[in-house]
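> Take this sequence and fold it.
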Amino acid sequence: MCTKTMKTIIIVLAAFFTSPWALAEQQFVEGTHYERLDVPVQTGLEDTQPPQVEVVEVFSYMCIHCYSFDPVLERWESDGKPAAASFSRLPAVFSSDWALMAQAFYTAEVLGVSEQMHMPLFEAVHVKPVNLRNETKMAELFVDASGVTADAFTKAFNSFFVRSRVMQAQAKSKAYGITGVPTLIVNGKYRVTGTMAGSTEAMLDVVNFLVQQESASL
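Numbers count the residues shown, from 1 in each chain. Next up, the predicted model:
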């Protein structure tokens with residue numbers, strides 16, 4: 001018989017195991033919940049002190065699933081990210097339109113306005129569509145959302161450095177074996193997708209598990 005005390009314990013345990021990121025304590029299985037990359041990709045954090053585990057979201061402003069996942073990811077970054085994790089984003093490049101949005105991503109980075117431009121770029125695609133293929137419209141979005149000048153935007157957007165970063169992102173996505181987004185890469189070794197994890201939200205449970213596993217070996 002399930003007593004009142006037993007019911008309370010069950011409810012507490014159920015709440016814990018279904019709460020965001022609590023599943024990091026469970027054991028996830030390679031090949032089922034995540035995949036190991038055939039060839040590891042260097043993170044650039046190998047000599048960081050204290051040691052850190054790289055977590056990369058491969059995403060695109062063109063992707064509606066990335067847009068939906070972003071608030072969950074933001075909450076994880078502020079409240080659920082393990083102390084040992086170093087988080088960053090990498091724009092995927094699957095077409096000319098995706099390359100354009102990667103160019104916008106790196107333009108914002110060069111201008112130091114990544115935080116100010118992140119949501120406006122998503123919304124310009126999925127909420128209040130703007131023809132961002134038109135460079136003048138793209139410039140207006142940057143000016144309105146971040147306060148940079150149109151000249152500063154144009155100089156950065158068309159710079160060799162930004163275009164080089166787009167090409168590097170495309171090469172890195174290929175090295176990660178990306179076939180869809182959002183995808184999370186842990187320490188240049190593991191690929192986590194929503195399909196394997198069970199949902200986009202559950203990807204973060206798997207990531208926390210992998211970060212814990214990797215940080216223990218640093």
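> how is the chain carved up into domains?
Per the record, the chain has its domains at 29-92+178-218, 93-175, by automatic domain parsing.
> any chance of those in JSON lines, plus mean pLDDT?
Formatted as JSON lines, those follow (pLDDT from 0 to 100):
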{"stretch": "domain 29-92+178-218", "mean pLDDT": "96"}
{"stretch": "domain 93-175", "mean pLDDT": "98"}
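> Would you format these as JSON lines with mean neighbour count included?
From N, CA and C alone the C-beta is placed, and that goes for glycine too. Below are the domains of the chain laid out as JSON lines (neighbours: other Cβ atoms under 10 Å):
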{"stretch": "domain 29-92+178-218", "mean neighbour count": "18"}
{"stretch": "domain 93-175", "mean neighbour count": "17"}
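> The closest residue to residue 93 other than its chain neighbours and residue 54, how far apart?
Leaving out its chain neighbours, the residue that sits closest to residue 93 by Cβ to Cβ, 6 or more residues apart in numbering is residue 170, at 4.0 Å. For residue 170, the distance to residue 54 (Cβ to Cβ, to the nearest Å) stands at 19 Å.
> List the strands paired with the host helix or strand of residue 192, with their directions.
According to DSSP states H and E, residue 192 maps onto strand 190-193. If you go by DSSP bridges, strand 190-193 pairs up with strand 35-36 (antiparallel), strand 183-186 (antiparallel).
> got CSV for the ones you listed, with distance to residue 211 too?
Compiled in CSV, these are given as follows (distance: least, Cβ to Cβ, whole Å):
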stretch, distance to residue 211
strand 35-36, 15
strand 183-186, 6
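> for the residue most central in space within the chain, what are its contacts?
Nearest to the centroid of the C-alpha atoms of the chain, with distances taken as Cα atoms, centre = their mean, sits residue 57, at 2.3 Å. Neighbour list for residue 57: 73, 87-90, 182-184 [criterion: Cβ atoms under 8 Å, 6 or more residues apart in numbering].
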